[in-house]
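In: One predicted model, sequence on top.
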Amino acid sequence: MDLNLKNKVTVITGPAKGMGRAVSLAFAREGATLVLAGRDTAAIEPVAAEARALGVQALVVACDMTDPVQADALAKETVEAFGRIDVLVNVAGGSGPIGKTGWETTADEFNDIVQLNMTGCFNTVRAVMPTMIGQRYGKVVNVGGTFGLKGRAGRLAYSASKWGLRGITKSFALEAGPHNINVNNVAPGMVDGPRFREKVCANLVEKHGITLDEAMTKHAQDYALRRVSTDEDIANACLFMASDVSRQMTGVDLPVDGGWAAL
């Protein structure tokens, strides 16, 4: 199926590694024009080079999305370079403290992850809205998490930030809908990769005295499909939500977790 994303100007935050890299290259394979934004431009450049090798334009922009001035500058630079903004995919985010109860979580730990996962996404969505409204077209995909659909012990700060992101997504969807703009939330479950293995699974290893392989299997057993998601699974969901195939979906939480949050 042709998702009709060729030449669509697509801003992606957090593109340097993991899900962000997979999302960036998935859009590149669809022929989208990329604007890759993040704090560490040196880490983003190799992804941009991979995208260009696939035959698409890829602009790298330095942006700390928690700073509203930099988010506005990202939108301005994108329009100056390509004349429009068709898609925004907010992948940038963090995990916060793992294995801490709410009362063990410090105020700084809580505020830091809320600032990144909620305020950062608010800033970028807010920044692209005037352009999308003016052209009467836009797709916003926020990458949340299933702990924002069901609470999780030991992940209070992260869970709170992703619950808050859902509210931001739904309110923007209601406000932007009359302007032909879709705003949706893709909610990954556990996604295999360094952060999952070295932080999440490592916490289980320490807590239960099991091996890393046993910890990974324990997580997989929580899901109906008995497997942990991959970066590509998340990228495919983002492609779907950014395309006109999903034109009648907005304000939606789409779990990509092998069957956990919705079952």
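Out: Thanks, I have the structure now.
In: pretty sure V11 is in a strand, no?
Out: Yes. Assessed with DSSP: H, G, I helix; E, B strand; the rest coil, V11 lies in a strand.
In: For it, which residues count as its bridge partners?
Out: V35, L88 (DSSP bridges).
In: who are the neighbours in contact with it?
Out: Applying C-beta atoms under 8 Å, 6 or more residues apart in numbering, we find V11 in contact with 35, 37, 74-75, 78, 85, 87-89, 124, 128. C-beta here means a position set from N, CA and C on the backbone, and glycine is covered the same way.
In: again, only this time at 6 Å
Out: The neighbourhood of V11, defined by C-beta atoms under 6 Å, 6 or more residues apart in numbering, consists of 35, 78, 88.
In: got TSV for these, with neighbour count, pLDDT and distance to V141 too?
Out: Shown next, in TSV, are the contacts of V11 (neighbours: other C-beta atoms under 10 Å; pLDDT from 0 to 100; distance: C-beta to C-beta, whole Å):
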residue	neighbour count	pLDDT	distance to V141
V35	28	98	14
T78	24	98	16
L88	30	98	7
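In: Next, count neighbours for the nearest residue to A262 once chain neighbours are set aside.
Out: For A262, ignoring the flanking residues on the chain, the nearest one in space by C-beta to C-beta, 6 or more residues apart in numbering is P255 at 5.3 Å. Using other C-beta atoms under 10 Å, P255 is surrounded by 22 other residues.
In: what about P255, distance to S161?
Out: Between P255 and S161 the computed distance is 17 Å (C-beta to C-beta, to the nearest Å).
In: Check the secondary structure at the closest residue to A16 other than its chain neighbours for me.
Out: Nearest residue to A16 in three dimensions, chain neighbours excluded: A43, at 4.0 Å (C-beta to C-beta, 6+ apart). Classification of A43 by three-state DSSP places it in helix.
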